[in-house]
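> Below: sequence and its predicted model.
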Number of protein chains: 2
Amino acid sequence: MTANADQALLPAGLQDLLPPAAAQEAGAVERLIQAFRGYGYDRVKPPLIEFEDALLAGAGAALAQQTFRLMDPVSQRMLGVRADMTTQVARIATSRLSRAPRPLRLCYGGQVLRVTGSQLRPERQFAQVGAELIGSESEHADAEALIMAVSGLNGIGAEGLTVDLNLPPLVAALAERLQLDAEVTQRLRQALDRKDAAAVAQLAGDHAPLFQGLLRAAGPAQDALDDLFALDLPERVQREADRLKRVVALVQAALPDLTLTVDPVEHRGFEYHRGVTFTIYARGVRGELGRGGRYTTDADGGPWEPATGFTLFMDSVLRALPEPAAPARVYVPHAHARTAARLRTDGWQAIAGLVPEDDPAAEARRLGCTHLLKNGDVQPLDDA
Amino acid sequence: MTANADQALLPAGLQDLLPPAAAQEAGAVERLIQAFRGYGYDRVKPPLIEFEDALLAGAGAALAQQTFRLMDPVSQRMLGVRADMTTQVARIATSRLSRAPRPLRLCYGGQVLRVTGSQLRPERQFAQVGAELIGSESEHADAEALIMAVSGLNGIGAEGLTVDLNLPPLVAALAERLQLDAEVTQRLRQALDRKDAAAVAQLAGDHAPLFQGLLRAAGPAQDALDDLFALDLPERVQREADRLKRVVALVQAALPDLTLTVDPVEHRGFEYHRGVTFTIYARGVRGELGRGGRYTTDADGGPWEPATGFTLFMDSVLRALPEPAAPARVYVPHAHARTAARLRTDGWQAIAGLVPEDDPAAEARRLGCTHLLKNGDVQPLDDA
């Protein structure tokens, strides 16, 4: 639950998480990280602020407009408040951890800030949790990232998940092979993003049947793959499609109940990705729960590594979880401090009376407790 | 472990926490919060940034110099990045949770940023964890806060803790009762803070024996209290001393092994406090692990409530903890995904081979695993 009362106390898009939402969010973050550590992903924690130029290098440039800046009187340089943690983790992998064995598995959780919210995500601060798998080209890496994300979400109680798989480099590879010029390619991409079959036909000319076939190859994973493989794809493009098919097979084997869709030409939000990507949704929940896919570290030149990973947006993730249950809580009347300490050791939430009370049961109820310590026993309040 | 290599990548005072330090910090934060929830403290999560004037109201003003500012294009107002979470939690208690039953118990954990580091705490970003108990005047509230802080730290493995108790309003109460003028009081306070007995004698005039007695009433709790109670204190000041004595007795009863000292005139860093305060140290660890004490919410006028609480500084807390043990981790050779999934369910950290390997044991060692899945069994690597 988020309080909307007193909202004017805070700037738009920022909020106080109150009980029980704050505990629910933190608990979900830690349980997700714990799940990722089960796959051997080690936690890293980059700082909230960094030099602007480092934060906005490579893939980070996409968030330049969304990044708060501040002046650092110590370094006399501009800093940015992170709007995303993915590029920070890639920086750690390629600098401080450049000599750690590959594949390198890292995970993270933390808060990010954005200058403006979006329609689907009005929050300007939210928690991100994610993982990166750096240094492997294998389709097993792609599958591991997706399986881990979905399993982690299932583990914290998210239900009705669906995953949409995409292949953002496919259109570029096809345009290059077919020697389409840059402007046509750009307009074709926009038409494909809009699912505008007429515009696609007009722009693709002789290749219209191929591109229209790609547009149709979207939907439930198996049907979409069948449609995709019925097309006469150039060899390099076929290799990308083969990889997508193998990833789908691995994911279906591990998570047979997961609803998987494929849309090979979708590429919005995946401008920096180089292979299979995915977006996770939950039925009935506004906004995506997370997204990820294959990319390369250090896209601005210099040494690079193949990588895959994902980020979960905890504001959306929380919307997919059931309401948290109120905890059992026992009121321990005044002057029973030792008993309160013992109850806590036994796992109880035990509220100690700070002053003598005439009616301990009434005091327990007033404080929202479910139980009362009476005659040395913990008793449910209704019977107390 | 914190990497100092590549430090130039980040502004001074900011750092990447690497494995295993990042997991250790997050784990310590969550276990502390869990301990506080055992006492019935509910978690809240204020935002990283707020309107500057709200953030720096009341006690927050003390951190104005240490607060990063940024311009919010949405509200067209200046925002501050929090340098402390205590005032945020007091704001939540007196606004959104003003109608929640008292005493109100809240806890929190999060990152704060400061414009400059100090000699003792060079970090400009660190995690704060704390709790506030709002709406009780009882000395049991003071004792609960201190006992909970120390028990929480003991619970995560901090050893050799010592607590120094102070009574910052004592000097002001005494000066008022003795009708010392404001300038003399101010200089007397500074001399007391410096433990400058000669200056104290000169400034206190006829009252020199009393103030020198206060200066001597510092050290191990029982001796200091005996010295304090041997002095001829005015009635209102004696009431403060009585409360300090009762708090010491409650803490000693709950934590008989804790080293407690008392220094009644110490008041640096407690300018906004109104009663018993405390600072927690660990033997051999630079900087305080935490501090807290009695204050009032909304010091700038308007309705206020008595409160007590504390904040722990996780950078110092981590220095008081033993090195984390490396986790047991099993390497699962390629194409045993199902077994890896089962091992994770059983609580293992299981790293899956992404490609076929010629020598699984060598690959396991290369990746830092302690165990290997071999012939269907998890085997320690030395025997594998």
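Ah, there it is. Residues are numbered from 1 along each chain as shown, chains lettered A, B, ... in the order given.
> Helices along chain A, start to end?
Here chain A has its helices, by DSSP state H, at A:21-38, A:52-55, A:86-94, A:139-155, A:169-177, A:182-193, A:197-204, A:208-216, A:221-229, A:235-254, A:314-319, A:337-345, A:360-366.
> Go ahead and produce CSV holding the CA coordinates of the longest one.
To tie it back to what came earlier, the one meant is helix A:235-254. These are the backbone C-alpha positions of helix A:235-254, laid out as CSV (Å, rounded to 0.1, in the frame of the first residue of the first chain):
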residue,chain,number,x,y,z
GLU,A,235,22.3,-17.7,-44.2
ARG,A,236,23.4,-15.2,-41.5
VAL,A,237,19.8,-14.3,-40.6
GLN,A,238,18.9,-18.0,-40.5
ARG,A,239,21.7,-18.5,-37.9
GLU,A,240,20.0,-15.9,-35.7
ALA,A,241,16.7,-17.6,-36.1
ASP,A,242,18.3,-21.0,-35.3
ARG,A,243,19.6,-19.5,-32.1
LEU,A,244,16.2,-18.1,-31.2
LYS,A,245,14.7,-21.6,-31.8
ARG,A,246,17.2,-23.3,-29.5
VAL,A,247,16.7,-20.7,-26.7
VAL,A,248,12.9,-21.3,-27.0
ALA,A,249,13.5,-25.1,-26.7
LEU,A,250,15.7,-24.7,-23.7
VAL,A,251,13.3,-22.4,-21.9
GLN,A,252,10.3,-24.6,-22.7
ALA,A,253,12.2,-27.7,-21.3
ALA,A,254,12.9,-25.9,-18.1
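> now the angle from it to helix A:169-177?
What separates the directions of helix A:235-254 and helix A:169-177 is an angle of 170 degrees, with axes from the mean of the first three to the mean of the last three Cα atoms, to 10 degrees.
> From the rest of the structure, what touches helix A:235-254?
Contacts of helix A:235-254 from elsewhere in the structure, counted by Cβ atoms under 8 Å, 6 or more residues apart in numbering or on different chains, are A:139-140, A:142-143, A:146-147, A:151, A:163, A:165, A:167, A:169-170, A:173-174, A:177, A:221-222, A:225, A:228-229, A:233, A:258, A:260, A:262, A:264, A:275-276, B:337, B:341. Bear in mind the C-beta positions are built from the backbone N, C-alpha and C, glycine included.
> centre of the chain versus that helix, how much separation?
Between the centre of helix A:235-254 and the centre of its chain there are 22 Å (Cα atoms, centre = their mean, to the nearest Å).
> Let me know the average pLDDT across it.
Along helix A:235-254, the predicted confidence averages to a pLDDT of 95.
> got the angle between that helix and helix B:337-345?
Counting by the same axes, to 10 degrees, helix A:235-254 lies at 50 degrees to helix B:337-345.
> returning to what we had before: output the helices of chain A in CSV, with mean neighbour count appended to each entry.
Listed next are these as CSV, based on neighbours: other Cβ atoms under 10 Å in any protein chain shown:
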stretch, mean neighbour count
helix A:21-38, 22
helix A:52-55, 18
helix A:86-94, 24
helix A:139-155, 24
helix A:169-177, 18
helix A:182-193, 16
helix A:197-204, 17
helix A:208-216, 18
helix A:221-229, 17
helix A:235-254, 18
helix A:314-319, 21
helix A:337-345, 17
helix A:360-366, 18
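> Which one of the ones you listed lies nearest to B:Arg91?
Of all the helices of chain A, it is helix A:21-38 that lies closest to B:Arg91, at 14.6 Å by Cβ to Cβ.
> which other helices and strands contact that closest one?
Packing contacts for helix A:21-38, counted by 3 or more Cβ pairs under 8 Å, 6 or more residues apart in numbering or on different chains; DSSP states H and E, involve strand A:104-113, strand A:125-134, helix A:139-155, helix A:314-319, helix B:21-38, strand B:42-43, strand B:349-352.
> With mean pLDDT and distance to B:Gln128 added, can I get these in CSV?
Compiled in CSV, the helices and strands packed on helix A:21-38 are given as follows (pLDDT from 0 to 100; distance: least, Cβ to Cβ, whole Å):
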stretch, mean pLDDT, distance to B:Gln128
strand A:104-113, 98, 13
strand A:125-134, 97, 17
helix A:139-155, 98, 27
helix A:314-319, 95, 20
helix B:21-38, 97, 9
strand B:42-43, 98, 13
strand B:349-352, 98, 29
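> for the lowest-mean-pLDDT helix or strand in chain A, packing partners?
Within chain A, judged by mean pLDDT, DSSP states H and E, the helix or strand with the poorest mean is helix A:169-177; its value is a mean of 88. Counting by 3+ Cβ pairs under 8 Å, 6+ apart, the packing neighbours recorded for helix A:169-177 are helix A:182-193, helix A:208-216, helix A:235-254, strand A:273-282.
> Could you tell me how far A:Thr279 is located from B:Arg342?
For A:Thr279, the distance to B:Arg342 under the criterion Cβ to Cβ, to the nearest Å works out to 29 Å.
> could I get the helices and strands packed on helix A:169-177 as JSON lines with distance to A:His371?
JSON lines is the format used below for these (distance: least, Cβ to Cβ, whole Å):
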{"stretch": "helix A:182-193", "distance to A:His371": "57"}
{"stretch": "helix A:208-216", "distance to A:His371": "61"}
{"stretch": "helix A:235-254", "distance to A:His371": "42"}
{"stretch": "strand A:273-282", "distance to A:His371": "35"}
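> Go through these and name the closest to A:Arg366.
With Cβ to Cβ as the criterion, A:Arg366 lies closest to strand A:273-282 of these, at 37.8 Å.
> and the closest one, how far from the chain's centre?
11 Å.
> how far off helix A:169-177 does that strand point, in degrees?
Using the same axes, to 10 degrees: strand A:273-282 against helix A:169-177 is 150 degrees.
> Note down every partner strand of strand A:273-282 and its orientation.
When pairing is defined by DSSP bridges, strand A:273-282 lines up against strand A:161-166 (antiparallel), strand A:290-296 (antiparallel).
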